[in-house]
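> Below is the structure, and that's it, no one-letter string:
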């Protein structure tokens, strides 16, 4: 990821002393012209020359190249940023400040440096950031400040290099197991069913690195030749196996999920949980589909298995911008109807209760779509409850509405996982099987 | 002679920045400029010692002391202190050249000083005093900038180096500018027998001189490398 460019410059005018020099020059010029006096005019020339030279200070003309480490970046991963700045103009003293996103932490190096740059010379700036939260974040622009050697004019600031967008995927919590309830056991997807051990079909799933035990005929020699640069790296074709099931994950990105701090929000918790569940079932070899709703247009990821699908889900959740208005859960279910009917998946819905009155009706509809026969499909509603500790009438009213909706869902046979993120992690909850 | 000048310049350059010695030197430069301005004026030439011989003449001490105090006042603090010192020096320049300046405007009256030439001493002193204040400003602000850069995260070495390069560039350009203006003054003196003096419309020769100076400035800025 590298970007070049030149955006804007900001001039600040003469300093206090610079204005005095200019005023003194004007005074002496007026007196010199009025009296026809050489000394006045010569003194004015000295001051005026200095002020004129200071006003001639140019904004820095720099060529900026910013590079960041490539590859998937997850929350908490280090992000290396390197800048190379080349001076295309006159020699100048310059300070460089690359603006990191507000929530990022500086873990190594410095994003500020100063240098005297002769024409054609370059300076480098390197630092490492730590991305605390998912989302699309902009690094930059680089604020290059040049200084007047006379200090009569304020520093000139130019914003260069543009903004480099970095997508931080949510970190996928590792879920060793999801303990199933009795109701789940009746469903078509037992929790510990590993779909990688069934009979291999002819349906191509993905290319992956060779693992001990893979048959030699599964080696994809063209891909192996492409990937083997310095040392042999066997790549094999992976095929779907029989008995694979589907899981569908609905994630709510409605405006009410933006609550929280700059470091973490309700949506981050929902996204993290959705990734954990997706990752768990993808590890077991099942197909996972995704519907992101509530923010702009509803986004649907076709159900698929494999590591690539996990990355796709992480990218969709990483790029989500909760806060914009969008379709509600009813329209999301309607948009996903064809997949639910065809795949008959186990459905997880990550949302907040008590906000959308249509939630219960939508989940019942989803269950109707996903039900393969007489036995109703399993729908799991995962709802983190923010533990804000507020005991105001408004907070009590919200809690009453939440509880009423959750009770209603349970009466309809929807499995509800309600937990306090500050007290219990979802991963532990899934492993313990605290299901109702 | 050249070697001596180079040696003197090297000695000056070796005085560390942010040192008392360097700022004192600039203060002395301002004091010398103010004193030269005073001594080059008609006021000093046409008046007797103050207080009229009863005590030793206090005028030199007054000039030196006030100029040095300007320098000391300007050698620290915020920019408004240097602005005040600059206006003090400008006040001296205006006051001590006023009598000469009014010759053309008011005169010729009987008994006036019509026809007196502008003194080299006074004019040079004015330029030196103004140069001293400007150099003091560059010195103080460059040190402040180094500290500011270091406090914002630059390494101490880089911040010091940037301040030093900027200070050197500013000092060099100010000296060049002053030399150019002094050269114009010398040019005026040289051509005054041809074009006439102040009282004879000689001020218009400034236009020729300024045009030459502008041409020189354009030449320097356009074709001469600005250094590395």
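That came in fine, so what should we check first? Quick caveat, the model's predicted, so the values are computed rather than measured.

> Residue B:163 contacts residue B:142, doesn't it?
Yes - counting by CB atoms under 8 Å, residue B:163 does reach residue B:142; the two are 4.5 Å apart. Heads up, the C-betas are built off the backbone N, CA and C, glycines and all.

> ok, and for the helix or strand containing residue B:63, which residues are buried?
Using DSSP states H and E, residue B:63 falls within helix B:59-74. The neighbour-count criterion (16 or more other CB atoms under 10 Å in any protein chain shown) identifies B:59, B:63-64, B:66-74 as the buried residues of helix B:59-74.

> Closest one to chain A out of those, please.
Nearest to chain A among those is residue B:74, at 9.6 Å by CB to the nearest CB.

> can you pull the contacts of residue A:426?
Each residue near residue A:426 by CB atoms under 8 Å, 6 or more residues apart in numbering or on different chains is listed here: A:173, A:269, A:272-273, A:276, A:382, A:384, A:417, A:419.

> What about the residues you listed, which one has the most neighbours?
residue A:273 (28 neighbours; other CB atoms under 10 Å in any protein chain shown).

> is it true that that residue touches residue A:349?
No - between residue A:273 and residue A:349 there is no contact under CB under 8 Å: 10.7 Å.

> if I look at these two, which residues touch both of them?
In contact with both residue A:273 and residue A:349: residue A:382, using CB under 8 Å, 6+ apart.

> what about the residue of chain B most remote from its centre, distance to residue A:155?
Using CA atoms, centre = their mean, the residue of chain B lying farthest from its centre is residue B:153. It sits 36.3 Å away. Using CB to CB, to the nearest Å, residue B:153 is found at 16 Å from residue A:155.

> dump the residue contacts of residue B:126.
The contact partners of residue B:126, by CB under 8 Å, 6+ apart, come to A:39, A:42-43, B:33, B:36-37, B:89, B:92-93, B:97.

> Look up the pLDDT of the residue nearest in space to the middle of chain A for me, please.
Among the residues of chain A, the one closest to the centroid is residue A:135, at 1.9 Å (CA atoms, centre = their mean). On pLDDT, residue A:135 comes in at 80.

> Also the one 3 residues further on?
Reading off the per-residue confidence, residue A:138 sits at a pLDDT of 88.

> Can you tell me the closest non-neighbouring residue to it?
residue A:163 (4.0 Å; CB to CB, 6 or more residues apart in numbering or on different chains).

> okay, now the domains of chain A?
Here the domain assignment for chain A is A:2-12+A:58-169, A:16-55, A:182-198+A:244-432, A:202-242, based on automatic domain parsing.

> distance between stretch A:393-400 and the chain's centre?
Counting by CA atoms, centre = their mean, to the nearest Å, stretch A:393-400 is centred 32 Å from the centre of its parent chain.

> Now it: buried residues?
Residues residue A:398 are the ones in stretch A:393-400 that count as buried (16+ other CB under 10 Å).

> could you give me the average pLDDT of that stretch?
So the average pLDDT for stretch A:393-400 ends up being 78.
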